[in-house]
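Asks: Build the 3D model from these lines:
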Amino acid sequence: MLTRLRVSGFKNLVDVDIRFGSFTCIAGANGVGKSNLFDAIRFLSSLAERPLVEAALSVRDEEGKSGDIRSLFHRVGEDYSDEMFFEAEMIVPAEAVDELGQTAKARITFLRYSIRLTYRSEDSINSLGSLEILEENLEHINRGEANIHLMFPHKASTWRKSALIGRRTSSFISTEEEDGIRFIKLHQDGGSSGRPLSRRAAKLPRTVLSATNAAESPTALVAKQEMRSWRLLQLEPTALRQPDAFTAPTTLESNGSHLAATLYYLARHNTQKNGSSPEEASEQIYSQVASRLSELIDDIDSVWVDRDDRRQLLTLMVASRDGTEHPARALSDGTLRFLALAVLELDLKAEGVICLEEPENGIHPERIPKILQLLQDIATDTEDEIGANNPLRQVIINTHSPAVVQQVPEDSLVVAELKETVLDGRRFRRVSFGCLPDTWRHKKALKPDRVNIVPLGKLLAYLNPVSQIMDNQKPKERAKRVVDREDLTPFLPGFMEQLM
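Replies: Below you'll find the model as predicted:
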């Protein structure tokens, strides 16, 4: 779970410092940098798994494609920043499994990971250049400091007590300089009793964190696996509609692949959990998904996965109340996305950070509160103890939809806007993230006067979007719009306020 993220020098993220709760909604106009924040989270996730260059190339550039490492650095005109800096405060699970199947138990579960990178050009004309690690650290955050770092509402006696365990007095990864040469050191969980593994920073093709295993540093391994689980869901209808082979993975991919196999696995696995017959256990899971889907579409009777033994295929099926059966390929885009999220809610092994862009796509405005509630239910319940039925799971969405902004809890809303900044005599625009006054990001800050508060006037475009439309056309040149109808005027936002 990502509780705080600081970024500077990455795209248009300069001196960004943002705190997250279990559910966060980032609202802002197109092009302000909402997606860049998701890219920063994905980049950190990739750095925990891939070599530096591969991690950089996995992130989209300004044109929406990868291929230029330099494009990830903040740019003013033709000049790029020299460095990128990231710092993530996170709560990690108590244990994880490495690539060799070894189980690692974290010494402490509240950690701070930071990394500073610079661009290094190559002599070859065909080279994309590379990244060099200037600094990499993994440190503990003591439970005694929890009140300062965990600002979002939560129950200390249950959720926090189960989330923050262990203690530590020294770093797990540190950067030190010896004779003018920088070294990244991986310290053993035993502390000073074990000799750290030292690696020269300038020669590293990947982060030290990405190379850890359960034997060398269990806590670093758990942090690595947590960051690897951070993902951006880009649910594609084409992928959601596909049937699955019997041998398909049983985890929902970022694009929505393996929806049928995942639901089938959850239904079958439920048999082992409650000891009931296979038919009863499967029906319990299918009924839960159908119940969720019926919140979006009234005419839903049942959901199940059809098993075709001859072709060895699993197909997701939905039946309406009149008995008509529909395979996944016949469902609408919005229905499929909602269905995928309903399945994800039940998949308790799916942990970490889930980022989702514009969840309202394909959803009728009247049903948006239902999908927002589903997304909040997917996230960990910060009033209850973390466990098998309450995984350490977090949801971050972004949107520019007034219908979404009006419905999300005020504490969960963060507004992104472009602000002009002058640095070293140069003027540029950067994205700034602000909160509403008197919410936890404001009230619990150590220095509330320094918190970026969003002026209420900035929310008018979301609260009363019709009145904010700027139309330069002359009335005679403009066709009569729906909003211009006199019989609809009494139903528009703000009409009653004008009468009072």
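Asks: Got the phi and psi for the most centrally placed residue in the chain?
Replies: Residue closest to the mean C-alpha point of the chain, counted by C-alpha atoms, centre = their mean, is Cys355 at 2.7 Å. Main-chain torsions, Cys355, degrees, to the nearest 10: phi -100, psi 140.
Asks: isn't it right next to Gln234, touching?
Replies: No - in this structure, Cys355 is not within contact of Gln234 by C-beta atoms under 8 Å, at 9.3 Å. Just so you know, the C-beta spots here come from the backbone N, C-alpha and C atoms, and that holds for glycine as well.
Asks: give me the element Val414 is part of.
Replies: Using DSSP states H and E, Val414 falls within strand 413-423.
Asks: ah, wrong one, I meant Leu240
Replies: Using DSSP H and E, Leu240 falls in helix 237-241.
Asks: so how far is the next helix or strand after that helix off the chain centroid?
Replies: As assigned by DSSP H and E, the chain's next helix or strand after helix 237-241 is strand 244-245. The chain centroid and the centroid of strand 244-245 are separated by 27 Å under C-alpha atoms, centre = their mean, to the nearest Å.
Asks: got it, and stretch 328-338?
Replies: 23 Å.
Asks: buried sites along it?
Replies: 328, 331, 333-338 (16 or more other C-beta atoms under 10 Å).
Asks: so where is the stretch 101-250 of the chain shaky, pLDDT-wise?
Replies: Residue ranges of the stretch 101-250 of the chain with pLDDT under 70: 123-127, 191-194.
Asks: Check the stretch 251-400 of the chain too.
Replies: 271-275.
Asks: could you pull out the strands for it?
Replies: Ranges of strands within the stretch 251-400 of the chain are 300-308, 313-320, 325-327, 352-357, 393-399, based on DSSP state E, counting those that start in this stretch.
Asks: In its sheet, which strands sit next to the third one, and in what direction?
Replies: On the basis of DSSP bridges, the sheet neighbours of strand 325-327 come out as strand 313-320 (antiparallel).
Asks: Start and end of stretch 24-33, how far apart?
Replies: Length of stretch 24-33, first residue to last, C-alpha to C-alpha, to the nearest Å: 16 Å.
Asks: Let me see the residues that make contact with it.
Replies: The contact list for stretch 24-33 (C-beta atoms under 8 Å, 6 or more residues apart in numbering) reads 11-13, 34, 37, 394-400, 404-405, 408, 412-418, 430-431, 433, 462.
Asks: Could you do stretch 265-272 as well?
Replies: 250, 277-278, 281-282, 284-286, 305, 343, 346-347.
Asks: From the chain's centroid, how far away is the next helix or strand after the strand holding Val414?
Replies: Downstream of strand 413-423, the next assigned helix or strand under DSSP H and E is strand 426-434. For strand 426-434, the separation from the chain centroid amounts to 22 Å (computed by C-alpha atoms, centre = their mean).
Asks: cool, and stretch 46-58?
Replies: Offset of stretch 46-58 from its chain centre (C-alpha atoms, centre = their mean): 18 Å.
Asks: Show the end-to-end separation of it, please.
Replies: Where stretch 46-58 begins and where it ends lie 8 Å apart, using C-alpha to C-alpha.
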